[in-house]
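I'd like to go over a predicted model; first the sequence, then the structure.
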Number of protein chains: 2
Amino acid sequence: MSKGVRTRAAILDEALSLMSTDGLSGLTIGLLAERTGLSKSGLFAHFGSKEQLQVAALQEAQASFTAHVIRPVLDLPRGLPRLEAFAEGWWAWNRSPPFPGGCPIQAASLELDDRPGPLRDEIAAAQRRLRAFIQQGAGMAVAAGHFRPDLDCTLFAFQMVGIAFAQTMTCRLLGEPEGLDFVRRAWRAQVTDAQGTHNQTGETSHEH
Amino acid sequence: MSKGVRTRAAILDEALSLMSTDGLSGLTIGLLAERTGLSKSGLFAHFGSKEQLQVAALQEAQASFTAHVIRPVLDLPRGLPRLEAFAEGWWAWNRSPPFPGGCPIQAASLELDDRPGPLRDEIAAAQRRLRAFIQQGAGMAVAAGHFRPDLDCTLFAFQMVGIAFAQTMTCRLLGEPEGLDFVRRAWRAQVTDAQGTHNQTGETSHEH
DNA sequence: AAAATAAACGAACGATCGTGCTATTGTCAA
DNA sequence: TTGACAATAGCACGATCGTTCGTTTATTTT
């Protein structure tokens, strides 16, 4: 079992490029066949349906993200150092991922948010995993004493995701070169807030 | 000049629904003609090309956002009150806009970020206007003494945009009912930070 | 009411979409 | 080297895509 998986990998590689620029709906079999030098039917046989191809492409995108952004920081000490490295890696990924276009997962997240099905399930699971990773990282920082003990790690993950989306909009859509600077400053503000020794997110001690 | 603009408006209304669920690339002439009860060619004649139809739909989406979210808060006093009302209106819009799907502008922002052309220009201009509005709102809050004088209003707008994107992902893609709660808390944290009397975004007073 | 103009239709075009078939090629183990 | 089987190609299909054109029907103006 060798030739099959090799071409399948080549197909998925090209599929990621196509998906990053043209979106999930632009990932068409004819175009993909043309770019890989295969025939439409030959390519089609590898996946059985367009939906399965899309699912495979999404999974491949996740794998790439994990390999490029997640795995490298796992060697670092838990807590703030790992979180900081992850952040910097993520901003770098968003700005120039290993595809010609932007991050396909981010794009697909807004493309599929209203169309139930396996594709949306796949992308939703990916986003849930990512948020869980951030949340756990923040939890480790709390345990290590880097972050204040009353930090809401779920909220922390929510905010970080927001920064990432805002970055994509600023850097890719608007093309503002100072976008990365905003990202870093927003992230720094968030980290500083998480470090704060006492509760400084509520006006007073009572909430609502 | 009456009948033409009336049906054109009806077409655009339906186009917004379609666009919100199926994205800009899903906004197809055949489908739109079917839903409006027109013939493909009859509909087509109103716009001259698909791209012009898409541009018109995007402009209509902007107009709807302005009417529903921006305009109502302009009556409120400048500064924090107006900003707070705008925020709440925006979160409401993101959660349940007047379309069956999510906010088309947000979706298109990530869909088009790598495809230059009139469409991207249109959406980029819209996002720039929105950020300028937020920035000015924050500036008014600074002038009114509601926010600290050294607040970076551009960064403030950047962060707010991030919250909005994170909301869409949480509420629409993941379907988490507590999403709106996260949004409010993240927004409250941002406002509190902007209110802080002295600089609390940098660790110390030096900014390097 | 008649003439002028605007709006919508119907049919067709070339292209591309996703997806079935059958046949042919290539690869790997015996 | 041959036989088994995986991998790919070729072709065709119905559907839909955006677009053009000529015609017909509504609307507006005179």
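Okay, I see it. On a predicted model such as this, the values are computed, not experimentally measured, just so you know.

right, and A:Arg120 touches B:Gly175 too?
No - A:Arg120 is beyond contact range of B:Gly175, at 9.7 Å (criterion: C-beta atoms under 8 Å). (Glycine included, C-beta is placed from N, CA and C.)

Which one of the two is surrounded by more residues?
A:Arg120 (19 against 12; other C-beta atoms under 10 Å in any protein chain shown).

From DNA strand C, how far out is the residue of chain A found nearest DNA strand D?
Residue nearest to DNA strand D within chain A (C-beta to the nearest atom of the strand): A:Gly4, separated by 1.8 Å. Taking C-beta to the nearest atom of the strand, to the nearest Å as the measure, A:Gly4 falls 9 Å from DNA strand C.

ok, now A:Val69?
29 Å.

Using the three-state scheme, assign A:Gly26.
At A:Gly26 the chain is in coil, as set by DSSP: H, G, I helix; E, B strand; the rest coil.

thinking again about what came up before, helices or strands up against the helix or strand hosting the residue of chain A closest to DNA strand D?
According to DSSP states H and E, A:Gly4 maps onto helix A:3-22. If you count contacts as 3 or more C-beta pairs under 8 Å, 6 or more residues apart in numbering or on different chains; DSSP states H and E, helix A:3-22 packs onto helix A:29-36, helix A:50-65, helix A:104-111.

Make sure A:Arg95 is actually in contact with A:Asp181.
No - the pair A:Arg95 / A:Asp181 is not scored as a contact, 11.7 Å apart, by C-beta under 8 Å.

The two: who's more crowded?
A:Arg95 (17 against 13).

what sits against the closest residue in space to that one that isn't next to it in sequence?
Excluding the flanking residues, the one nearest A:Arg95 by C-beta to C-beta, 6 or more residues apart in numbering or on different chains is A:Cys171, at 5.4 Å. Contacts for A:Cys171 (C-beta atoms under 8 Å, 6 or more residues apart in numbering or on different chains) come out as A:Asn94, A:Arg95, A:Gly179, A:Leu180, A:Val183.

tell me the pLDDT at A:Cys171?
Note on A:Cys171: pLDDT of 96.

try A:Gly202
40.

Could you do A:Ser2 as well?
82.

At the contact with DNA strand D, which residues of chain A appear?
A:1, A:3-5, A:7, A:37-43, A:45-46 (C-beta under 7 Å from any atom of the strand).

do that again at 10 Å, thanks
Residues of chain A lying close to DNA strand D (C-beta under 10 Å from any atom of the strand) are A:1-8, A:10-11, A:30, A:33, A:36-46.

Could you tell me which of these count as buried?
Using 16 or more other C-beta atoms under 10 Å in any protein chain shown as the burial test, those include A:Thr7, A:Ile11, A:Ala33, A:Thr36, A:Leu38, A:Leu43, A:Phe44, A:His46 as buried.

quick one: which of those is nearest DNA strand C?
Nearest to DNA strand C among these is A:Phe44, at 4.4 Å by C-beta to the nearest atom of the strand.

so the closest one makes contact with A:Thr28?
No - contact criterion C-beta under 8 Å: A:Phe44 and A:Thr28 do not qualify, at 11.6 Å.

one step back: between the buried ones among the residues of chain A next to DNA strand D, which sits nearest A:Ala85?
Nearest to A:Ala85 among these, counting by C-beta to C-beta, is A:Ile11 at 32.6 Å.

How about the contacts made by that closest one?
A:Ile11 neighbours (C-beta under 8 Å, 6+ apart): A:Leu32, A:Thr36, A:Leu38, A:Leu43, A:His46.
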